[in-house]
Structures are given as C-alpha cells and as structure tokens.
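Engineer: structure for the following, please:
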Amino acid sequence: MKQVILKLTTGAADGAASTEAAEVVIGKLYAILYVPGNIDTGATLTVTCTDFQTAAKPLLTKASAGTSNAWFYPRDIVHAVADGAALTGTAGGDRALPILNGRPKAVIASGDNSKTGYCILYYEA
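Structural biologist: Model prediction:
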C-alpha cells in the first residue's frame, strides 16, 4: 500500500485551496483520509485525478466535510460487458476500486481564510 499526502492551505482572501501531487500515480485507489486541521466545517472537499490528456476523473466530493478526521472509500459502479453504457450495479451492487492514472488533486472551497489541512490517498500500485 502506498500513499499520497496533499497539503491544503486556504487563501487569505477566499478560503479556497488547491494542491496537486508532485508525481504521477498509477494504481487502484483504496481509501481517502481527510484531515481538516483547522479548516472550517462548511468546507467542500473535491478530489480528482488528472491524466496526461488533462482529463480529470472525479474521485470524491464531500460538501460540509466537517472538522473531524474522516475516512472515505470511493468506488466506481462497473459496466456490463455486452453494453458499455449499461451499469451492472445499483444500490450497493457491483463496485470497483477507482483507477488512478495521473496526478491526484485536492481542492477545498469555503474553508475560511489561512487554514491548513491534509488529504491522504491510499492506493495499491
């Protein structure tokens, strides 16, 4: 198991933060740990992974993320073999670990001014 640690420091004027991993990550995402530090409870956390063609795959969006450390286990719904558009899972159905193929990025909106927290992605290479 490997990890990517993304430090989030909000701006002095807008309460927003955005940070991208220094290196490309290839693997299966297992979990995300949000460590808000002193970021406000009303902050929205968005985590994506941007590939070499600048396409961003959404991994997690959590509105009002809170002020306590929180674990998240993002999963993708799988598609049928015969019809790529047909989903095989519904509520609690077939799920797969999201593929990471690019640079993970974490963004905070409405986190209050000059605050610091972390987003840690755990993945299998």
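
Engineer: per-residue pLDDT of residue 94, please?
Structural biologist: Per-residue confidence at residue 94 stands at 79 (pLDDT).

Engineer: can you report how many residues lie near residue 55?
Structural biologist: Residues lying near residue 55 (other Cβ atoms under 10 Å) number 11. For every residue, glycine as well, the C-beta is placed using N, CA and C.

Engineer: wait, residue 64 touches residue 44, no?
Structural biologist: Yes. If you go by Cβ atoms under 8 Å, residue 64 and residue 44 touch, sitting 7.2 Å apart.

Engineer: neighbour count for the two, which is higher?
Structural biologist: Using other Cβ under 10 Å as the criterion, residue 64 and residue 44 rank with residue 44 on top: 15 against 11.

Engineer: tell me the pLDDT at that one?
Structural biologist: For residue 44, the predicted pLDDT is 95.

Engineer: then residue 76?
Structural biologist: Value for residue 76, per-residue pLDDT: 90.

Engineer: relative to residue 30, how far out is it?
Structural biologist: Distance, residue 76 to residue 30, by Cβ to Cβ, to the nearest Å: 13 Å.

Engineer: overlap in contacts, the two.
Structural biologist: Residues within reach of residue 76 and of residue 30 at once, by Cβ atoms under 8 Å, 6 or more residues apart in numbering, are residue 97.

Engineer: next up, the contacts around the residue nearest the centre of the chain.
Structural biologist: Geometric centre of the chain, nearest residue: residue 47, 2.6 Å, by Cα atoms, centre = their mean. Counting by Cβ under 8 Å, 6+ apart, residue 47 touches 32, 58, 59, 60, 61, 74, 104, 105, 106, 107, 119, 121.

Engineer: buried members of the residues you listed into ChimeraX, please.
Structural biologist: A single ChimeraX command selects the buried members of these (16 or more other Cβ atoms under 10 Å):
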select :32,59,60,74,104,105,106,107,119,121
